[in-house]
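Peer 1: Dropping the sequence and predicted coords here.
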Amino acid sequence: MRDLYDRLKTAFPLGELTEQRPDLAFVTVAKEQLRSLLLHLRDQEGFTHLVLLTAVDWLEEGNFQLTYLMNNRLACRDLGVRVMLPRDPASMDSIHDLWPTAATYQRELREMFGIDFPGSPRVDEDFILEGWIRTPPYRRDFDTLKFSDEVFAPRPGRASSDPTEFMKQQLYPDKT
Amino acid sequence: MSLSDVLSPFSAWKNLFRDPVTIPDPLNDRPGAPRYRGFHQNDIEKCIGCGTCEAICQNAAIDMVAVAEIATKPGDSGLRPRIDYGRCCWCALCVDVCMTSSLSMSNEYKWVDHDPDAFCFIPGVDLKHWDSSELGYRRPEGHRLTGIERVAMGELEPEVRADSFVEIVAGYDLEQAKLEADRCVSCGLCVATCPTHMAVPEYIATIRDGDYEQGVRLLYQTNPFSNVCGRVCTHRCETSCAARHEGDPIAIRWLKRHIIDQVTHDRIKQIAAEGRVSKPSGHQVAIIGAGPAGLTAAFDLAKAGHGVTVFEALPAPGGMMRYGIPEYRLPYDKLDEDVDVIRSMGVEIRCNTRVGEDISIDQLREQHDTVLLSIGLHQGRSTRIPGSEHEDVVSAVELLRRITFGERFDVPTTVAVIGGGNVAMDIARSLARMQRQQHGQVGVTLVALEAEDLMLADREEIDEAREEGVVIIPSRGPRQCLIERDALTGLETVHCVSVFDDQGRFAPNYDDSDIQIHDAGLIVEAIGQAADHAFLGESLTEALEWERNRIRIDADGRTSESWLWAAGDAVQGPDVITAVAAGHRIAASMMEAFAGTSAQTH
Amino acid sequence: MAYQPDRSQYPSRKPDGSLDIDLSSGKYLKLWQGPQHPGITGNMSVELTVCGDEVIEGKTHVGYLHRGFEKLMERRTFIQCFPIVCRICVPEPDFNEYCYAAAVEELAGLEVPERADWIRTLILEMGRINSYLMYLGGQAGALGQGVIGQWTTYVRDLMLDRFEELSGARIYHMFIMPGGVRDGLPDGFDQRMEETLREIESTLADVKDVMFTNAVFKKRTVGLGYIDPAIVDQYGVTGPTARAAGVAKDVRRDQPYLVYPQLDFEPVVGQDSDVFARADVRRRDLLMSVDLIRQILARMPRSGAVMAPLPNVLHWKIPFGETYIRGECSRGEYGYYLVTDGSGYPRRVNVRGPSYTHAMALLERLIVNCNISDVAALMVSLHTYPPEIER
């Protein structure tokens, strides 16, 4: 992967290469460079297969990480291209014209993370959720347990004892 | 498209002549496979209610609930898992993680009931027809989700330590401690067994997180003697550890020591002082005896702003921790560190001050609001066998005290020790070291009344003593000390058939025909100790209530005199951690007594 | 066999490129196929706009089965994630278990015993057979041929019996755990597996006679749902769907995992890229899996550990890192993208199911100009399992 990285580095300002396996590496690129890098990878370097496009919420740093995982079928290796976006407002260029299937990923990211991809087909249509008005649910600040406590009723009669506390009550009830 | 494309599909008709493949009676003819993960079984006798199954259940399907017929006891919370089949996904992680292998799954998978709540049940308690099923999922051999083996502790080899009083145990390094701390499942069964209820799972967690200052903070919440207890505690917590059932118990004692070893003494002092009340309350407390009970009470009281003075007869504080425990188990500088933290709370310790000689108990009473009596057991008991009045027949506590004083005395080449407890081991191993230093070889014979497997000493003490050359002979009762021309020459023992009678009373039964002579130029009696209450004076002795030579105390440690509390080995025993617990109780009780009363003016 | 004349200019488009559909004209009809419909692949639906019996637009709708697994895993410890991942795909759950376990093992630095790798491979091939058997029944059923489904269900049940005795469960096996597998093979497993494989082979011979050598089936499927090999990468097409288009992608050969480098096989490739070709590739791939299972049972080690020593799973933390693990499942490339942040919980898990691309963008493209009665067959031929779309 190092050879590829050295070649790419001449044309694109790239972050450090993280070599996870001999056939898998990750590299970070600026938001503005992404499209041209993906095009270059697809047309010049044989990375024709968009394996997946997803996001990671680094809430503490205030960033979303978008991961475009590209696969070179002939060389049998993968390059994950990372883009860091500010969390609010999060917006990214669409690549549905390079890979039509990317529209689905972008629609999901819009719904689940609240990341906008202006121009992507049907990006504002409900994808999986229907009538969702809360925080986009795959963001880290959406608390699933709180949501479920609010929306669903627990089964009556369920209660548990902590062994330590229970033993305290049983074995030395009058002591602190 | 060809003719065969038209004809070939008709070959399906041949199936008209086949037997059906369906099972005619699936409810009865289709048992689950031998490994099937069906309905749960729980052997409630084996289950210890540790709640590890609940902790690992990703569905929150398990509750730990009290069960009427199961009593809470040390090492068993008395709780049992109740499983909600509305949530269970039959992943069997609960079976995999179960610390005792009590949980398993039967191969039964059919259960019809009109009541939905029936499917929330306590396996093994709510009886089911599959409870005794032999088939079903059991945790496969070797499949473990928690660490089984204790991280080995570095110790000096017998040949290195046998002639030296240097500390034997090395202590864990960071990596070892993390590995050992990782094994803990945080169930908390140990907490109740610890007399002072140390927050064991929590402080072990601080090792995993590398947050040692928080660890020290947690230790000091319940125990100001973590250097001492991290080394010599009887660690009864480890006998309640859930990990001991199918592996080694967590090395709780060594982990405690590891925490205290990682933080500088000055920082420990700062952490221990957190929450200290700096404004004096005006109340004054006198504590007689600077042992673990007295000093723990002193620590708590001083931290809360009360004036505390500790009166210690011996030259240095620590009591039996200093004068009873050999240095190779507890180095004096480590004890000094614990005591220094206590002193830094504002506790005044007056050594070489024997109550009854240097100051009277009446004076103490007059000058203080309350008095705590924590004097320990410093008088050795004698076997009173013929010849035991000889000057070379001595008590173990006296000899240990002389060793601590640094007295150089000549140890004969042959020594006999009478007793099978830890004190006997301490003196035998100390004398063996001195023999090796003085003579280059060991000649210590230890005779214990009890059989090998019933000896009172810790197993590791027995093993290590043997490694160091001490000859340990169980099931021997002392008969007489042999004296020739005024010189002690040996000890005669007989075989002890049994120690207790049918009612469990102490009544040794001997076989007089089985006699052995053990050469001995010195005989050490280590069969128990007593307290010296002479200093109390007649009137107070009269006034106090007694119970078999011990002052009677209530649950808070109060005597029948309203100003006097008592604690430690002299009233309770048997170990440091029990004394620490008593110290806390008494401090709390005294402070309760102070509440609402104004301080006397002294 | 000639299919339709070129209909690529139909429906007509407005100048801005959108479809020129005026519902009020009375010429068009909106029709929902699904979510409750016999001709739908699981819990999804297709919103069809038809003109006569020709589909001029189709939109895939999912979300009927969304349980938010990726999010649920963020609040479960690494071991607690293990029982839930299999639920992302009912008919072939084992890829979830394998990909998740392998990703955790890679980031945690666990060395899996070789015997466990053999057993994992065995399980994945068993699962592939089951998935194909279910598909064949569905593909025939979509064209009204119910008997194939009955036969394949019977032999699939035999394979479920093998799963049951090996893993302790029939559908959600929860057997491939981070670190290895739970246990070795039970006694007598090989013989019973061989009997099952023979039964499968004999059933497949019948399926070939009755389904594939069948004028009706050919008439309905040849030429239907043609996928141009040129768009395979644009639409993220993988697995048998790509191989039926002559694109010989097979992760087992291209980026081999587990013990595939030690097995003898060649990816099954077709060329016509229509529904029939895809069905035939899957039938032949199924037979290859039968052969692979025989190879595995003949060569696998019979003793040794099946689990790597695990740290105490109750406080298992994994250092910062990210990785992607893929495998070749019956529908194409299955993958797990796992990000860890040094805590005891995954930072992010993203599941790449092949249906995600196949049933959305690709299906919406292929469905245009299709006859309504062929929609079910077309959808089934993409071998879609909706849970892996919405995860």
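Peer 2: Noted; the coordinates are in hand.

Peer 1: who's in contact with the residue in chain A positioned nearest to chain B?
Peer 2: As assessed by CB to the nearest CB, chain B sits closest to A:Thr164 within chain A, at 3.2 Å. All C-beta atoms are positioned from the backbone trio N, CA, C, and that covers glycine. Each residue near A:Thr164 by CB atoms under 8 Å, 6 or more residues apart in numbering or on different chains is listed here: B:Ser77, B:Cys187, B:Gly188, B:Leu189, B:Val191, B:Ala192, B:Pro201.

Peer 1: Quick check: the first one vs chain C, distance?
Peer 2: When distance is defined by CB to the nearest CB, to the nearest Å, B:Ser77 is 17 Å away from chain C.

Peer 1: shouldn't that residue be in contact with B:Cys50?
Peer 2: Yes. With contact defined as CB atoms under 8 Å, B:Ser77 reaches B:Cys50; the gap is 6.9 Å.

Peer 1: any residues in contact with both of the two?
Peer 2: Shared contacts of B:Ser77 and B:Cys50, counting by CB under 8 Å, 6+ apart, come down to A:Pro163, B:Leu189.

Peer 1: List the contacts of the residue nearest the centre of chain A.
Peer 2: In chain A, the residue lying closest to the centroid (CA atoms, centre = their mean) is A:Ala55, at 1.6 Å. Counting by CB under 8 Å, 6+ apart, A:Ala55 touches A:Phe64, A:Gln65, A:Leu66, A:Thr67, A:Leu109, A:Phe113, A:Ile115, A:Tyr138, C:Arg348.

Peer 1: what do you get if the cut-off is 6 Å, keeping everything else the same?
Peer 2: Applying CB atoms under 6 Å, 6 or more residues apart in numbering or on different chains to A:Ala55 gives the contacts A:Phe64, A:Leu66, A:Leu109, A:Phe113.

Peer 1: so can I have JSON lines of those showing secondary structure, distance to chain C and pLDDT?
Peer 2: Formatted as JSON lines, these follow (DSSP: H, G, I helix; E, B strand; the rest coil; distance: CB to the nearest CB, whole Å; pLDDT from 0 to 100):
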{"residue": "A:Phe64", "secondary structure": "strand", "distance to chain C": "11", "pLDDT": "95"}
{"residue": "A:Leu66", "secondary structure": "strand", "distance to chain C": "11", "pLDDT": "95"}
{"residue": "A:Leu109", "secondary structure": "helix", "distance to chain C": "11", "pLDDT": "94"}
{"residue": "A:Phe113", "secondary structure": "helix", "distance to chain C": "10", "pLDDT": "93"}
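
Peer 1: Correct me if wrong, but the residue nearest to the centre of chain A is in a helix.
Peer 2: No. Applying DSSP: H, G, I helix; E, B strand; the rest coil, one finds A:Ala55 to be strand, outside a helix.

Peer 1: State the distance from it to A:Pro156.
Peer 2: Applying CB to CB, to the nearest Å, the value for A:Ala55 to A:Pro156 is 39 Å.

Peer 1: Kindly report the same for B:Glu141.
Peer 2: B:Glu141 sits 41 Å away from A:Pro156, going by CB to CB.

Peer 1: now B:Ile48
Peer 2: Separation of B:Ile48 from A:Pro156 (CB to CB) stands at 29 Å.

Peer 1: of the two, who's got more company?
Peer 2: The neighbour count for B:Ile48 versus A:Pro156, taken as other CB atoms under 10 Å in any protein chain shown, is higher for B:Ile48 (27 against 7).

Peer 1: Return the residues in contact with that one.
Peer 2: By CB under 6 Å, 6+ apart, B:Ile48 lies in contact with B:Asp76, B:Thr100.

Peer 1: Try it again at 7 Å.
Peer 2: B:Gly75, B:Asp76, B:Ser77, B:Met99, B:Thr100, B:Leu189, B:Ala242 (CB atoms under 7 Å, 6 or more residues apart in numbering or on different chains).
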